[in-house]
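>>> Mind folding the following:
(4 chains)
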Protein chains: 2
Amino acid sequence: MPKLDLFKFVPFRLNRLAAEVSLALSSEYQERYGLDIPEWRVLATIGFRNEPCSAQYISHCTRTHKSTISRAVTALMRRRLVERVENAHDRREFSLRLTRKGKALYEELIPRLLRKEKTIMAALSATEQRELARLLGKIEKNLDLVQTRQEADEKLGY
Amino acid sequence: MPKLDLFKFVPFRLNRLAAEVSLALSSEYQERYGLDIPEWRVLATIGFRNEPCSAQYISHCTRTHKSTISRAVTALMRRRLVERVENAHDRREFSLRLTRKGKALYEELIPRLLRKEKTIMAALSATEQRELARLLGKIEKNLDLVQTRQEADEKLGY
DNA sequence: TTAAGATAGTTGCAGATGCGACCATTTGGC
DNA sequence: GCCAAATGGTCGCATCTGCAACTATCTTAA
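Below you'll find the predicted structure:
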């Protein structure tokens, strides 16, 4: 009889690890700032770029369904963390950017998340961390996931 | 201004990778066999052990909420893939095991999933695969996740 | 023995999210 | 220029899943 030990099965381990890491991070963005994951992804994407971008761009970058991004953007606009302006060239789409308030939140949040990531990754040496990043990158490439900002921009014609 | 590039942020990468890998696998257990993830986790846990186990055990092993496991077990019993017997020592809990039909499905499904895992991991050499497993293990340990069947059994007093 | 607290499992409820339909607008072929 | 197809975004719907309350049973300690 063929057997499969869940604890050695990479897909299961990735799922469980991702869930656990998300949980660890959520204490930062959820409890403290009332953000959920899609909202955090929107902020992270807009905040990192210097130029405004569209909801579609965020959707593709983060591999999150456009309806989910749409709702996250609505919530963030309601809280005045994000604002949008009509695009002159294409009146279907909007350019999104952080408000002053949104920028302030972003600047407060980022160091906290980076610190949290650090404690999680502290189980690995610096070399091991680089190695993990490299291995994840190879699998991502195999699954045809966008790996860099440049790739994202190119794929979306920015 | 502090910056955080999502594409280099390990928690995001893990989330995205886990989602993508799950999607790749779901064509096997979802489309072909009509199983969702919790159901597959129940089958995998029961199928791997030779002795029957409780829903609680599955819940702890897979880090899945007991209500989710409960619903998955109900669905699997309705399909006659899993059966349960009252535990003589403790009438609150039930021992779960695969039916003949469930075992047949398990035996058909496992090789498919292992093949799928193989193609995903094919981006890495054998050495790299071992290295990835080792690194994931270290992070799991840091997050206090159960890593082996023995650990799971001990923690749950089996 | 009994009462309080713990534990196994179920279920109602609410929040989150993916799907698909939809509207408005733009693009491309003719 | 015009119509069909594609694209950006919104929204209703169904599903999934976690939480918390609940029942039933077991354990512990007085």
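>>> Tell me the residues on chain A that lie near DNA strand C, please.
A:36-38, A:64-68, A:71, A:89-92 (CB under 7 Å from any atom of the strand). Heads up, the C-betas are built off the backbone N, CA and C, glycines and all.
>>> what's the closest non-adjacent residue to A:Glu102?
One thing to correct before we go on: residue A:102 is Gly, not Glu. A:Leu81 (3.7 Å; CB to CB, 6 or more residues apart in numbering or on different chains).
>>> Out of the residues of chain A next to DNA strand C, who's the most crowded?
A:Pro38 (22 neighbours; other CB atoms under 10 Å in any protein chain shown).
>>> Run through the residues that contact that residue.
Listed by CB atoms under 8 Å, 6 or more residues apart in numbering or on different chains, the contact partners of A:Pro38 are A:Thr64, A:Thr68, A:Ile69, A:Arg71, A:Ala72.
>>> Need the pLDDT of A:Glu106.
Quick fix: residue A:106 is Tyr, not Glu. Note on A:Tyr106: pLDDT of 96.
>>> do the same with A:Leu156
Looking at A:Leu156, the pLDDT reads 67.
>>> before we move on, what about A:Arg49?
pLDDT at A:Arg49 comes out at 89.
>>> For it, list the residues it contacts.
Here A:Arg49 is in contact with A:Arg149 (criterion: CB under 8 Å, 6+ apart).
>>> measure it to B:Asp5 for me?
Separation of A:Arg49 from B:Asp5 (CB to CB, to the nearest Å) stands at 10 Å.
>>> anything in contact with each of those two?
Here A:Arg49 and B:Asp5 share the contacting residues A:Arg149, scored by CB under 8 Å, 6+ apart.
>>> any idea what sits nearest A:Tyr29, other than its immediate chain neighbours?
A:Leu35 (4.4 Å).
>>> Which one of the residues of chain A next to DNA strand C is nearest to DNA strand D?
A:Ser67 (2.7 Å; CB to the nearest atom of the strand).
>>> Quickly find the element holding that closest one.
Take DSSP states H and E as the rule and A:Ser67 turns out to sit in helix A:66-78.
>>> what's downstream of that helix, the next helix or strand?
According to DSSP H and E, the helix or strand after helix A:66-78 is strand A:82-86.
>>> Name the residues that touch the helix or strand bottoming out on mean pLDDT in chain A?
Ranked by mean pLDDT, DSSP states H and E, the weakest helix or strand in chain A is helix A:149-155, scoring a mean of 76. Helix A:149-155 has contacts (CB under 8 Å, 6+ apart) with A:Phe48, A:Arg49, A:Tyr57, A:His60, A:Cys61, A:Val146, A:Tyr158, B:Asp5, B:Phe7.
>>> Of these, just the buried ones, ChimeraX syntax please.
Entered in ChimeraX, the line below selects the buried ones among the contacts of helix A:149-155, by 16 or more other CB atoms under 10 Å in any protein chain shown:
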select /A:48,49,57,60,61,146 /B:7
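>>> could the contacts of helix A:149-155 go into JSON lines alongside secondary structure?
What follows is these, written out as JSON lines (DSSP: H, G, I helix; E, B strand; the rest coil):
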{"residue": "A:Phe48", "secondary structure": "helix"}
{"residue": "A:Arg49", "secondary structure": "coil"}
{"residue": "A:Tyr57", "secondary structure": "helix"}
{"residue": "A:His60", "secondary structure": "helix"}
{"residue": "A:Cys61", "secondary structure": "helix"}
{"residue": "A:Val146", "secondary structure": "coil"}
{"residue": "A:Tyr158", "secondary structure": "coil"}
{"residue": "B:Asp5", "secondary structure": "coil"}
{"residue": "B:Phe7", "secondary structure": "helix"}
